[in-house]
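Asker: need the 3D shape of this:
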Amino acid sequence: MEIKKILIIGGSGFLGNAIYKELCPYFNTFGTYNSARRSFDKNQQFVKYDMEEDDIYTILENIKPQIIISAVRGNFAAQILAHQHIVEYLKENDCRLYFLSSANVFDTYRKYPSYEYDKTLSESVYGRLKIKIENMLLRLPQNKMAILRIPMVFGNSSPRIKGIKKFIWENAPIEVFPNLVLNVTNDDKLTQQIHYLINRNKTGIFHLGSKDLVHHEDFIKEVVERIGDFSPIYKRVFTSNEERYLAVLPKDNKLPKNLQYGYQDIIDHHVMR
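Answerer: Alright, predicted model coming up:
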C-alpha cells in the first residue's frame, strides 16, 4: 500500500496543526506555515507559504499531494484566489480536497439548526466568503471534494479557551450570548472525524459538531467552572430578542456512533486536560 501524501494548507494554525499531529503518524503529511514560529522552519514537512504573495499552485506541483486539507485563514481575496488555483489543480490531478467551512454559512437562518443540504445564506462577511468557496467546490465532481462545516471550536489550546482564561486573569468581562443556541466541537474530536473521512475516502458535505445543542451562555459558564474556582464578570450580549440558532447537525451524512458526541463531552474531557 502506497502511503497517501497529504498537504494541509494552514498547517501552522490551531486547527491545521491539530490535524497535522493527528495524521502525520499514518500518512506522508505536509503543511504550510506563515507564522513567525521558528519550529516550522526546521521541520522538513512544512513549507513557507504567504497567501498574499505566493502561488499555491507552485507548492501543489512540488509536493503533488493526493489529498489537500484547506484550513487556511487570512486575507479574504487571497483565500478566494488560492482556492481557484486549488480547484484548477484538482481538475488536472488525481487529488481530493477537504475544505474546512463553517456554521456561519447559515448565519441568516436564525430559527432552526441547519442540515447538510439546506440552502446556504449568510449576512456576515466571513460566512459569505465560505459560501463563495463552497460554491466553487460544488461545481467539481463530488469524488474530488468534501465540505466540512464546523461549529464553534473549543479545546485547551484553542484561541477561544485562551481568550476566556485571559479575561479571567485580567478580570475583564467575558461575553456570553444568552439567546444563541449552538453545537460545539474541539480539536481532538474534529481531527478524529477528519481522519475517519480520509481513511474511508468519504466525499460530499459533512456537518461535524456535537449531536446536541446548548445555549452559548450555559456552555461558557460550565467551561469556566472547569477552568477553576473563579467568579468572572459576564457581559450578556443580546443580538436579538428571540433565540437564534448557529448549529450544524448531520441528517444525511452521519458518522459512526463512536465518532458522535455531545456538548457535555467537550466540557468534561477536553477543557481541562
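
Asker: got any ranges where the stretch 101-250 of the chain has weak pLDDT?
Answerer: Counting by pLDDT under 70, the stretch 101-250 of the chain has no low-confidence residues at all.

Asker: for residue 110, which non-adjacent residue is closest in space?
Answerer: Closest residue in space to residue 110, ignoring its immediate chain neighbours: residue 244 at 3.7 Å, by Cβ to Cβ, 6 or more residues apart in numbering. (Glycine included, C-beta is placed from N, CA and C.)

Asker: how far away is the one you found from residue 97?
Answerer: Plainly put, residue 244 is 31 Å away from residue 97 if you go by Cβ to Cβ, to the nearest Å.

Asker: again with residue 63
Answerer: Residue 63 sits 14 Å away from residue 97, taking Cβ to Cβ as the criterion.

Asker: comparing these two, which residue is more hemmed in?
Answerer: Just comparing residue 63 and residue 97: by other Cβ atoms under 10 Å the higher neighbour count belongs to residue 97, 23 against 16.

Asker: who does that one bridge with?
Answerer: With DSSP bridges applied, residue 97 shows beta-bridge pairing to residue 68, residue 145.

Asker: pretty sure it sits against residue 70.
Answerer: Yes - when contacts are counted by Cβ atoms under 8 Å, residue 97 is listed as touching residue 70 (6.4 Å).

Asker: mind listing the shared neighbours of these two?
Answerer: Counting by Cβ atoms under 8 Å, 6 or more residues apart in numbering, the shared contacts of residue 97 and residue 70 are residue 86.

Asker: where do the helices sit along the protein?
Answerer: With helices called from DSSP state H, the chain shows them at 14-23, 39-42, 56-63, 76-92, 125-138, 159-169, 187-199, 216-227, 263-270.

Asker: run through who's touching the third one.
Answerer: Applying Cβ under 8 Å, 6+ apart, the contact partners of helix 56-63 are 5, 7, 9, 30, 32, 47, 49, 68, 82, 85-86, 88-89, 93.

Asker: buried subset of these as a ChimeraX selection?
Answerer: This is the ChimeraX syntax for the buried subset of the contacts of helix 56-63, where burial follows 16 or more other Cβ atoms under 10 Å:
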select :5,7,9,30,32,47,49,68,82,86,89
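
Asker: out of the contacts of helix 56-63, who's nearest residue 236?
Answerer: Comparing these against residue 236 with Cβ to Cβ picks out residue 9 as the nearest, at 37.6 Å.

Asker: from residue 195, how far off is the closest one?
Answerer: Between residue 9 and residue 195 the distance, using Cβ to Cβ, works out to 17 Å.

Asker: just give me how far stretch 250-257 sits from the chain centre.
Answerer: For stretch 250-257, the distance between its averaged C-alpha position and the chain's averaged C-alpha position is 18 Å (Cα atoms, centre = their mean, to the nearest Å).

Asker: likewise for stretch 129-146?
Answerer: From the chain centre to the centre of stretch 129-146 is a distance of 16 Å (Cα atoms, centre = their mean).

Asker: check which residues of that stretch are buried.
Answerer: Here stretch 129-146 shows 129, 130, 131, 133, 134, 136, 137, 144, 145, 146 as buried, counting by 16+ other Cβ under 10 Å.
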